[in-house]
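**Student:** What follows is a protein structure lacking sequence information:
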């Protein structure tokens, strides 16, 4: 049975991964759909504004704090290898670190940076905006599922 500070870290892992999954799910379920319905210039401007707001402390503390917690849980689990829950803890850590944090860094952030450089009034904006929405949302689905699966995996480690 997991106990002590290890238990607290696992519970915080469930909460952090679950909250991040909820944020990403909201984007996939309705935010991106709503933005896609806007005229391209307005959609680009709105998404750039959202991206700027996302890198402020409230979300970044949750997102990066959960990544740090998952890394610590993964390392501690790997080093100590407790009998109960080790597979689930390692799996949860890997899911969040690679499927959520890693995908963000490798897929979503580069798309956001390219969108920021896009001239909202250029002739190619319509096509590039549609491609952005499709690609960004597809990778966001991956982040959503990975974060939720990490929360489930950590929960299973506690049972």
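**Tutor:** Yep, that arrived. All figures in this text were calculated on a predicted structure; none of them were measured in a lab.

**Student:** List the buried residues in the helix ranked longest in the chain.
**Tutor:** In the chain, taking DSSP state H as the definition, the longest helix is helix 125-158. Buried residues in helix 125-158, counting neighbours by 16 or more other CB atoms under 10 Å, are found at 125, 128-129, 132-133, 136-137, 139-140, 142-155, 157-158. Glycine gets a C-beta too; all of them are placed from N, C-alpha and C.

**Student:** Repeat that for stretch 92-104.
**Tutor:** Using 16+ other CB under 10 Å as the test for burial, stretch 92-104 gives 92, 93, 94, 95, 96, 97, 99, 100, 101, 102, 103, 104.

**Student:** Give me the contact list for that stretch.
**Tutor:** 13, 17, 20, 24, 63-64, 66-67, 70-71, 73-74, 77, 139, 142-143, 145-147, 149-154, 157 (CB atoms under 8 Å, 6 or more residues apart in numbering).

**Student:** From residue 103, how far out is the residue nearest to residue 88 when sequence neighbours are not counted?
**Tutor:** Counting by CB to CB, 6 or more residues apart in numbering, residue 157 is the residue found nearest to residue 88 once chain neighbours are left out, at 3.6 Å. Residue 157 is 22 Å from residue 103, where distance means CB to CB, to the nearest Å.

**Student:** likewise residue 118?
**Tutor:** Distance, residue 118 to residue 103, using CB to CB: 22 Å.

**Student:** Which of the buried residues of stretch 92-104 sits closest to residue 40?
**Tutor:** Closest approach between the buried residues of stretch 92-104 and residue 40, by CB to CB: residue 104, at 23.9 Å.

**Student:** Can you tell me which of the buried residues of stretch 92-104 comes closest to residue 38?
**Tutor:** Closest approach between the buried residues of stretch 92-104 and residue 38, by CB to CB: residue 104, at 23.4 Å.

**Student:** for whichever strand or helix holds residue 9, packing partners?
**Tutor:** Using DSSP states H and E, residue 9 maps to helix 4-26. Packing partners of helix 4-26 (3 or more CB pairs under 8 Å, 6 or more residues apart in numbering; DSSP states H and E): helix 57-80, helix 86-94, helix 125-158.
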